[in-house]
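*Asks:* Sequence and predicted structure are below.
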Amino acid sequence: MLPIDLRGKRAFVAGVGDDRGYGWAIARALAQAGASICVGTWPPVLSIFQRSLERGKLDRSLPGGGEFEIEKIYPLDAAFDMPNDVPLEVREDRRYREVSGYTVQEVAAVLVRDFGERCLDIVVHSLANSPEVHKPLIDTSRSGYLAALSASAYSFVALVQRLGPLMRPGGAVLSLTYLASERVIPGYGGGMSSAKAALESDTRVLAFEAGRRFAVRVNTISAGPLASRAAKAIGMIDRMIEYYRRNAALPEVNTAADVGHTAAFLCSPLAAGITGATVYVDKGYHAMGMVADPEGWEAAVAGRAGADVAAGEAVGGSGPGGGAGGA
């Protein structure tokens with residue numbers, strides 16, 4: 001067997017707030033492979049997430065039995081690098097008022113305090129947000145556009161910048177992107193398509209820069225749609241999922257576990273030669289060049305197969321020594 005073995009490694013997964021998203025699925029897959037898991041959670045959902053975890057409302061089960069543990073939960077708002085970056089209205093917001101140390105720099109400092117200087121092997125960026133995601137790009141304001149890029153793309157740069165020095169050589173950094181970076185997805189607005197395009201470009205540049213500076217790999221997974229809590233905010237996620245189901249190369253939709261397993265592989269020594277890559281986990285949807293007509297296509301394939309069999313039988317059969325020419 002060729003196992004994915006992450007025993008003795010520590011992962012920091014940024015962007016986990018429930019058990020329905022890709023961040024949670026990645027955390028679970030990494031834990032299944034033996035890694036210790038720390039998570040960064042957005043302050044407005046932190047208390048809800050902690051209570052749900054304490055009351056056993058989240059699915060922590062592992063295939064084969066047992067449950068995975070979260071080593072520590074850190075409040076994290078990756079839109080802010082340092083304490084001075086946090087505006088007064090945010091600091092005084094009731095959802096932030098009782099929380100401290102949630103900027104990227106502060107989280108890095110607490111990680112060092114908790115575990116030492118070189119304490120991480122894996123960093124996962126599962127963060128995206130746009131205040132104007134419901135608006136078409138042409139109607140998006142400058143502030144809304146820049147907010148989407150800040151929270152969804154630059155936050156990745158910020159994590160690599162400040163957590164990279166905490167990583168042991170041979171570590172892996174991973175983010176999540178979406179096909180809207182390169183195709184038009186009507187309804188995926190507010191600058192989010194631009195943010196995902198920036199994220200993929202930054203992945204390639206950071207693979208070189210962080211590879212040379214920290215000796216770590218940097219990749220991103222382009223995942224198909226998932227009906228997570230965050231995706232529900234788009235307002236058309238169910239339609240997107242059904243569209244993928246009908247038109248992907250494999251006529252089905254990827255699961256959270258599919259993405260989690262790919263993430264575990266990319267973060268493992270088995271993927272030591274992969275960096276700067278966008279890896280598609282979408283049942284082959286990205287490869288399609290036109291809308292599929294499942295019924296018509298299947299009928300055409302079945303008809304063509306029948307005709308081929310009939311032709312083969314006519315010229316000598318389709319078994320060994322048969323087929324075209326019947327040699």
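*Replies:* Received the coordinates, thanks.
*Asks:* Show me this structure divided up by domain.
*Replies:* Following automatic domain parsing, one gets these domains for the chain: 10-286, 293-327.
*Asks:* now those as TSV including distance to Ile4 and mean neighbour count?
*Replies:* Heads up, the C-betas are built off the backbone N, CA and C, glycines and all. Formatted as TSV, those follow (distance: least, CB to CB, whole Å; neighbours: other CB atoms under 10 Å):
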stretch	distance to Ile4	mean neighbour count
domain 10-286	5	19
domain 293-327	34	11
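*Asks:* Adding mean pLDDT as columns, could you present these in CSV?
*Replies:* Listed next are these as CSV, based on pLDDT from 0 to 100:
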stretch, mean pLDDT
domain 10-286, 95
domain 293-327, 47
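*Asks:* Relative to Pro3, which of those domains is closest?
*Replies:* domain 10-286 (8.0 Å; CB to CB).
*Asks:* Switch the domains of the chain over to TSV; also include distance to Leu2.
*Replies:* TSV is the format used below for those (distance: least, CB to CB, whole Å):
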stretch	distance to Leu2
domain 10-286	7
domain 293-327	34
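*Asks:* biggest strand in this protein by residues?
*Replies:* As assigned by DSSP state E, the longest strand anywhere in the chain is strand 167-177.
*Asks:* chain center to the helix or strand following that strand, what's the gap?
*Replies:* Using DSSP states H and E, the helix or strand that follows strand 167-177 in sequence is helix 192-214. Put simply, helix 192-214 sits 14 Å off its chain's centre (CA atoms, centre = their mean, to the nearest Å).
*Asks:* can I get the CA coordinates of helix 192-214 in CSV?
*Replies:* Output of helix 192-214 as CSV, limited to C-alpha atoms (Å, rounded to 0.1, in the frame of the first residue of the first chain):
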residue,chain,number,x,y,z
MET,A,192,-15.4,37.3,-6.8
SER,A,193,-14.4,36.0,-10.3
SER,A,194,-11.6,38.6,-10.4
ALA,A,195,-10.5,37.5,-6.9
LYS,A,196,-10.3,33.9,-7.9
ALA,A,197,-8.3,34.8,-11.0
ALA,A,198,-5.9,36.7,-8.8
LEU,A,199,-5.7,33.8,-6.3
GLU,A,200,-4.6,31.4,-9.1
SER,A,201,-2.0,33.8,-10.4
ASP,A,202,-0.7,34.4,-6.9
THR,A,203,-0.5,30.6,-6.4
ARG,A,204,2.0,30.4,-9.3
VAL,A,205,4.1,33.4,-8.1
LEU,A,206,4.0,32.3,-4.4
ALA,A,207,5.1,28.7,-5.4
PHE,A,208,8.3,30.2,-6.7
GLU,A,209,8.8,32.8,-4.0
ALA,A,210,7.8,30.8,-1.0
GLY,A,211,9.5,27.7,-2.5
ARG,A,212,12.8,29.6,-2.5
ARG,A,213,12.3,31.4,0.8
PHE,A,214,10.6,28.8,3.0
